[in-house]
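Q: Generate a structure from the sequence data that follows.
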Amino acid sequence: MVEMKGIILIIAFFALLIGIQILLEASDTMEFNYTTEMNLPNPALKSVKVELPLYKTLKYEFGCSRGICIASQPLKKVNYGNPFGILEDNLNWFNAFDISILLPEENLGIGFEYGWWPYLMNREGLTLGVPDSGYAYVEVTKWAIYYYGIFLNYYPNKLFYCGILLNHFKTNAEEVLVLCSIDSIPVYSYRTNYAQRKCIGGTVYCGLEKHVLLNKFELIPFIKLQIGYAKEYHNNSQWEWGDRKLTIGTSGIFLGINMRFGGER
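A: Numbers count the residues shown, from 1 in each chain. Okay, the predicted model is just below:
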């Protein structure tokens with residue numbers, strides 16, 4: 001529910017920007033009509049340079065992507081002896097949704113991104129031995145991960161772009177207390193807590209895109225290569241994990257499509 005609210009707020013923000021642009025354009029049209037109806041000298045005798053307001057040069061973009069990332073150690077899938085699953089065990093599928101505002105004259109774009117790994121099951125996870133409890137330990141092997149980020153893109157041309165993303169992750173995971181026999185064989189386990197961990201990190205990336213110009217907007221399929229990393233800085237677990245921190249790797253390759261519109265042509 002919290003994650004859905006985040007998406008709704010992003011979409012609402014984007015819709016507000018579009019609405020403001022429409023109102024400003026309507027206002028400019030009324031002002032132009034009023035001016036042209038006045039009894040003025042022949043405009044053909046004068047050379048007038050028209051400077052467009054900033055909001056008219058802005059472009060807006062939103063899109064989605066899906067990629068595959070190299071898993072950090074806690075998020076690698078447990079391999080049960082399948083030699084053909086080594087590649088799958090070390091990779092995670094990743095989904096992302098983003099919106100941005102572009103300043104064409106500066107070749108820059110700034111925006112927000114939302115991404116998620118909703119179901120990561122049977123992962124190596126984090127393990128903590130319980131002191132003074134005999135043969136017992138706490139493990140976390142199931143994860144749901146979401147993040148919000150802000151990014152800055154640079155577009156030297158219509159084919160290539162690069163950028164940087166600062167992101168903030170929230171993870172929800174079930175912590176399980178496992179009781180073992182004297183031979184360290186698990187004999188009983190039960191859930192002790194649902195804990196949330198927060199991580200912060202960054203990503204750098206570059207990509208190639210293709211612009212398909214339609215009537216009112218552009219469709220832009222793209223491929224992106226990125227290198228990124230995030231580390232835990234806070235958790236609300238009932239256990240003291242010390243230096244056992246969650247790390248999240250976001251290095252990988254993405255495919256996606258954006259829709260861009262706005263700006264004077």
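
Q: The biggest strand by length in the chain pairs with which strands?
A: For the chain, the longest strand by residue count, based on DSSP state E, is strand 186-209. Paired strands of strand 186-209, with direction, are strand 160-180 (antiparallel), strand 217-235 (antiparallel) (DSSP bridges).

Q: buried set for it?
A: Neighbour-count burial for strand 186-209 flags 195, 197, 199, 201, 203, 205, 207, 209 (criterion: 16 or more other CB atoms under 10 Å). C-beta here means a position set from N, CA and C on the backbone, and glycine is covered the same way.

Q: Give me the distance between residue 107 and residue 212.
A: 20 Å (CB to CB, to the nearest Å).

Q: still on that earlier bit, can you tell me which of the strands paired with strand 186-209 the model trusts least?
A: Least confident of the strands paired with strand 186-209, judged by mean pLDDT, is strand 160-180 with a mean of 91.

Q: count of residues packed around residue 242?
A: Neighbourhood size, residue 242 [other CB atoms under 10 Å]: 7.

Q: ah, wrong one, I meant residue 69
A: Neighbour count of residue 69, defined by other CB under 10 Å: 21.

Q: just residue 156 next, same as before
A: Using other CB under 10 Å, the number of residues around residue 156 comes to 9.

Q: Among the strands paired with strand 186-209, show me which one is buried the most.
A: Mean neighbour count (mean count of other CB atoms under 10 Å) peaks for strand 160-180 among those, with a mean of 18.

Q: What segments of the stretch 1-150 of the chain are helices?
A: 2-36, 54-57, 86-89 (DSSP state H, counting those that start in this stretch).

Q: And these, which one averages the lowest pLDDT?
A: helix 2-36 (a mean of 50).

Q: May I have the beta-bridge partners of residue 153?
A: Beta-bridge partners, per DSSP bridges, of residue 153: residue 109, residue 163.

Q: ok, so of the buried residues of strand 186-209, who is nearest residue 59?
A: Nearest to residue 59 among the buried residues of strand 186-209 is residue 209, at 13.7 Å by CB to CB.

Q: Surely that closest one is in contact with residue 220?
A: Yes - counting by CB atoms under 8 Å, residue 220 is a contact partner of residue 209 at 5.0 Å.

Q: Which of the buried residues of strand 186-209 sits closest to residue 126?
A: For the buried residues of strand 186-209, the nearest to residue 126 is residue 197 (9.1 Å; CB to CB).

Q: Okay, and residue 248 sits in which element?
A: strand 247-249 (DSSP states H and E).

Q: C-terminal to that strand, what's the next element?
A: Taking DSSP H and E, what comes next after strand 247-249 is strand 252-262.

Q: Now for residue 209 and residue 220: what residues contact both?
A: residue 258 (CB atoms under 8 Å, 6 or more residues apart in numbering).

Q: mind checking the SS state of residue 215?
A: Under DSSP: H, G, I helix; E, B strand; the rest coil, the three-state class of residue 215 is coil.

Q: For residue 208, see how far away it is.
A: From residue 215 over to residue 208 the distance is 25 Å, taken as CB to CB.

Q: Pull the contacting residues for residue 193.
A: 174-175, 237-239.
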